[in-house]
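K.L.:
predicted structure and sequence below. I'll ask about it afterward.
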Amino acid sequence: MARRFAMAIDLKTCVGCAACVVACMNQNESFGYSRCRVTEHVMGVYPDLRLEIFSERCNHCEIAPCVPVCPTGASHYSAHGLVEVDQRKCTGCRACVAACPYDARFPGRDGTASKCDFCEPLVHQGREPACVAQCPTRAMVFGDVNEARSEIRRLLDARKARVRKPEAGTRPHVFYLEARP
């Protein structure tokens, strides 16, 4: 079975410190903007409210709406199922930016589309994405969901997880491990 990379973020241990954001900026030498962000969402109805913190990025969807709208083929799937942008082919038309239901794409400094690539150069070296490696609470796990013995597969099998905007039908590969039963 082919490798399929994904990320799981534990909502129980993520504290919203934004170390992932800083790690992303450092890794990509993109000071002033990041390929990921930390957001806060108030859940529930008063007086039963709770705050959930989400580390958000490109979801590397199995059915990515950004891929088919790209007129040049710059947006494409890698052999490991990651959604990538070939900067040499990107014309900066922003069709992919408009198509992404997660607001995970943006025009980079050179005008071409930019997004999280799960630090693919590091992953090819057998390392973790920068955001995962720098998370002080180890709330983030990255790996091959098709590998039965991988940590991410074990977590997804053992705990309830959700994805952002399931109604979009994109089958995202960033999972949020539930903080509450």
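P.N.:
Cool, the structure landed. Note that the structure is a prediction, hence the values are computed from the model and not measured.

K.L.:
would you map the strands across this protein?
P.N.:
Ranges of strands within the chain are 5-10, 37-45, 48-56, 75-77, 83-85, 106-107, 113-114, 140-144, 161-162, 174-177, based on DSSP state E.

K.L.:
what angle separates the first one from strand 48-56?
P.N.:
Between the direction of strand 5-10 and that of strand 48-56, the angle (axes from the mean of the first three to the mean of the last three C-alpha atoms, to 10 degrees) works out to 150 degrees.

K.L.:
which strands border strand 5-10, and is each parallel or antiparallel?
P.N.:
strand 140-144 (antiparallel), strand 174-177 (parallel) (DSSP bridges).

K.L.:
will you turn those strands into a markdown table that also has distance to K89?
P.N.:
From N, CA and C alone the C-beta is placed, and that goes for glycine too. Formatted as a markdown table, the strands paired with strand 5-10 follow (distance: least, C-beta to C-beta, whole Å):
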| stretch | distance to K89 |
| --- | --- |
| strand 140-144 | 27 |
| strand 174-177 | 25 |
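
K.L.:
for stretch 60-75, buried residues please.
P.N.:
Buried positions in stretch 60-75, judged by neighbour count with 16 or more other C-beta atoms under 10 Å: H60, C61, A64, P65, C66, V67, V69, C70, A74, S75.

K.L.:
tell me the bridge partners for the residue nearest to the third one when sequence neighbours are not counted.
P.N.:
Spatial nearest neighbour of A64, chain neighbours left out: V83 (4.8 Å); criterion: C-beta to C-beta, 6 or more residues apart in numbering. According to DSSP bridges, the partner residues bridging V83 are Y77.

K.L.:
which ones are touching V83?
P.N.:
V83 is in contact with C58, H60, C61, A64, C66, V67, S75, H76, Y77, K115, counting by C-beta atoms under 8 Å, 6 or more residues apart in numbering.

K.L.:
again with H173
P.N.:
By C-beta under 8 Å, 6+ apart, the contact list for H173 reads R4, F5, A6, M7, N59, H60, C61, E62, G81, V145.

K.L.:
tell me where the protein has helices.
P.N.:
Assigned helices in the chain, in chain order: 19-28, 95-99, 120-124, 130-134, 151-158 (criterion: DSSP state H).

K.L.:
got any ranges where this structure has weak pLDDT?
P.N.:
1, 31-32, 180-181 (pLDDT under 70).

K.L.:
in it, what residue sits furthest out from the centroid?
P.N.:
For the chain, the largest distance from the centre (C-alpha atoms, centre = their mean) belongs to P47, which lies 32.0 Å off.

K.L.:
what sits opposite A6 in the beta ladder?
P.N.:
Under DSSP bridges, the beta-bridge partners of A6 are G143.

K.L.:
scratch that, V45
P.N.:
According to DSSP bridges, beta-bridge pairing links V45 with D48.
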